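Enquirer: Sequence isn't available, so here's the structure alone:
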């Protein structure tokens, strides 16, 4: 390309401009450039672009200053080359050292020893606030009180801080400015304060194991173990006390819930307390994709004695009544409640006790309970019932059901048997409660997620005959022309 350039135009200014332009590699220009032009001015210009490729005999203060200002790669070139580092050690001054640290703070520990001062370190930590990746080794003699405070303000990295440097004042300062708390592992435990512990548990609970145990309340330890089972190893004494008192495995520490959520198989570490008994669902992995479930029950002989295991039974199928049935079959103290015949329609499950709560405007409200624990409620009026786990929704649910029955829920006698219905349609359009729908499906082995024709449902009822839910929800079944 340069063959088209007149010979008289190929003077030093051209070559200097090509180097300055940067679009042609410096090494390529060096091969093409006549030797007569390769003098001090040429090498100084080259040094500004790539200082490590130029011999130190061509360097001077101004050239090196321009080189490090041109790009930070030149700084690394100086510090990585023995000859260039020797030149820097002999000829650089405080201004050049400060400039170097402003451009590349992570090279502080590579500065010549005479430049590695506490004052310069503080200046280095204060520049380039947008950089959070500071990380270099510092000598213990540089870790003054002022440097430690600068480290807290930077809050990027924390080299080893001498133990004798820590005191109450410094702890307060770090607590206020060192928001990342990455300095906590270095802090002597005797200097920890309750204020610091509260900050850790609120903002960085993953660092709780660096705190003194006296700062972690039993409630907080249970919460930490609930979030992560691996945290149990940090509370061995509390976990052992829990095991001894409840009779449950250590994995359940901190995982207490209510009876309703014991059925949830997605969480394998849940237990509830009912009176003097504990009920827990345990999930045990068997291979990569297989798990086994066990229902565990323990009970205190009295209020003052530790609980003992009543049973640990494997659960193979999760039907609607699996929890209650397993307890009924394996707990010697459990007895199926006997209730009056006129309360059968409000009893959600044969394992539940039924208690009349009150009567309001002709509506009777009942409570279904299991082992003394309220499970759900039922409202009854004129033979119609509506079940719900929330007592406040009973009245509105029954009103909706009555309205739907009057408007559209009663199918005409001549309705085609090929008509399809499912649980969602019956619940939303006809007002039937989900608890009753689930009970009917359970009794007759129906899939609550499937859609059935009226003929299929009639055939199932004819083949299997009488079931408790058929009597309990006789009116609803009649309205669907199934009997």
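Expert: Yep, it's here. These numbers come from a predicted model, not from an experiment.
Enquirer: okay, and for the stretch 101-250 of the chain, where does confidence drop off?
Expert: 128-134 (pLDDT under 70).
Enquirer: Going along the chain, name the strands of the chain.
Expert: Counting by DSSP state E, the chain has strands at residues 269-274, 277-285, 291-299, 308-315, 353-360, 363-370, 373-381, 384-388, 420-422, 451-453.
Enquirer: Now the last one: buried residues?
Expert: Applying a neighbour-count criterion of 16 or more other CB atoms under 10 Å, one finds residue 452 buried in strand 451-453. The C-beta positions use only the backbone N, C-alpha and C, and glycine is treated the same way.
Enquirer: and that strand, what other elements does it pack with?
Expert: Helices and strands touching strand 451-453, by 3 or more CB pairs under 8 Å, 6 or more residues apart in numbering; DSSP states H and E, are strand 420-422.
Enquirer: Pull up the pairing partners for the strand it packs on, direction included.
Expert: According to DSSP bridges, strand 420-422 forms sheet pairs with strand 451-453 (antiparallel).
Enquirer: Give me the contact list for the strand it pairs with.
Expert: Applying CB atoms under 8 Å, 6 or more residues apart in numbering, the external contacts of strand 451-453 come out as 417, 418, 419, 420, 421, 422, 446.
Enquirer: Narrow these to those that are buried.
Expert: By 16+ other CB under 10 Å, the contacts of strand 451-453 give 421, 446 as buried.
Enquirer: ok, the contacts of strand 451-453 vs residue 265, which is closest?
Expert: Proximity of the contacts of strand 451-453 to residue 265 (CB to CB) peaks at residue 446, which lies at 21.1 Å.
Enquirer: quick one: buried residues of stretch 181-199?
Expert: 181, 183, 184, 186, 187, 192, 196, 197, 199.
Enquirer: so the fourth one touches residue 161, yeah?
Expert: Yes - the pair residue 186 / residue 161 is scored as a contact, 5.3 Å apart, by CB atoms under 8 Å.
Enquirer: show me the contacts for the residue nearest to residue 80 when sequence neighbours are not counted.
Expert: Distances taken as CB to CB, 6 or more residues apart in numbering place residue 52 nearest to residue 80, at 7.3 Å, with adjacent residues excluded. Residues counted as contacts of residue 52 (CB under 8 Å, 6+ apart) are 74, 77, 78, 80, 81, 84.
Enquirer: Skipping its backbone neighbours, what lies nearest the third one in space?
Expert: Okay, so that is residue 78. residue 84 (4.5 Å).
Enquirer: just the fifth one next, same as before
Expert: Spatially, and ignoring its direct neighbours in sequence, residue 81 is nearest to residue 52 (5.3 Å; CB to CB, 6+ apart).
Enquirer: What separation is there between that neighbour and residue 86?
Expert: Residue 52 is 13 Å from residue 86, where distance means CB to CB, to the nearest Å.
Enquirer: which residues touch residue 184?
Expert: Contact partners of residue 184, counting by CB under 8 Å, 6+ apart, are 200, 204, 207, 210.
Enquirer: roughly how far apart are it and residue 154?
Expert: Counting by CB to CB, the gap from residue 184 to residue 154 is 16 Å.
Enquirer: The stretch 151-300 of the chain: helices as residue ranges?
Expert: Applying DSSP state H, counting those that start in this stretch to the stretch 151-300 of the chain gives helices spanning 168-177, 194-203, 218-227, 236-246.
Enquirer: between the longest one and strand 291-299, what angle do the directions make?
Expert: Read it as helix 236-246. 70 degrees (axes from the mean of the first three to the mean of the last three CA atoms, to 10 degrees).
Enquirer: Check the contacts of residue 184 and tell me the two furthest apart.
Expert: Maximum pairwise distance among the contacts of residue 184 (CB to CB): 9.7 Å, between 204 and 210.
Enquirer: Residue 371 contacts residue 336, doesn't it?
Expert: No - using CB under 8 Å, residue 371 is not in contact with residue 336; the gap is 11.9 Å.
Enquirer: These two: which has the busier surroundings?
Expert: residue 371 (18 against 11; other CB atoms under 10 Å).
Enquirer: Now do the contacts for that one.
Expert: 274, 275, 277, 327, 334.
Enquirer: run the last query once more with 7 Å
Expert: Residues in contact with residue 371, defined by CB atoms under 7 Å, 6 or more residues apart in numbering, are 274, 275, 277.
Enquirer: Can you select the buried ones from the residues you listed in ChimeraX?
Expert: Buried residues within the contacts of residue 371, by 16+ other CB under 10 Å, are selected in ChimeraX with:
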select :274,277
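Enquirer: returning to what we had before: of all the helices of the stretch 151-300 of the chain, which one is nearest residue 361?
Expert: When these are compared by CB to CB, helix 218-227 sits nearest residue 361, at 43.5 Å.
Enquirer: list the buried ones in that closest one?
Expert: Buried residues in helix 218-227, counted by 16+ other CB under 10 Å: 221, 222, 224, 225, 226.
Enquirer: Between the residues you listed, which sits nearest residue 377?
Expert: The nearest member of those to residue 377, counting by CB to CB, is residue 226 at 29.0 Å.
Enquirer: Excluding covalently adjacent residues, which one is nearest to the closest one?
Expert: Nearest to residue 226 is residue 254, by CB to CB, 6+ apart, at 4.2 Å.
Enquirer: hey, where'd the helices end up in the stretch 351-483 of the chain?
Expert: So, for the stretch 351-483 of the chain - with DSSP H, counting those that start in this stretch - the helices run 394-404, 423-430, 434-443, 454-464, 468-472, 474-479.
Enquirer: Next, the buried residues of stretch 100-120.
Expert: The neighbour-count check on stretch 100-120 (16+ other CB under 10 Å) flags 100-101, 103-105, 107-108, 110-111, 115-116, 118, 120 as buried.
Enquirer: And it, end to end?
Expert: Across stretch 100-120, the terminal residues are separated by 11 Å (CA to CA, to the nearest Å).
Enquirer: Who are the contact partners of residue 441?
Expert: residue 448.
Enquirer: Actually, residue 196.
Expert: 171, 175.
Enquirer: Disregarding residues adjacent in the polypeptide, which is nearest to the residue nearest the centre of the chain?
Expert: By CA atoms, centre = their mean, the chain has its centre lying nearest to residue 227, at 8.1 Å. Nearest residue to residue 227, sequence neighbours excluded (CB to CB, 6+ apart): residue 205, at 7.9 Å.
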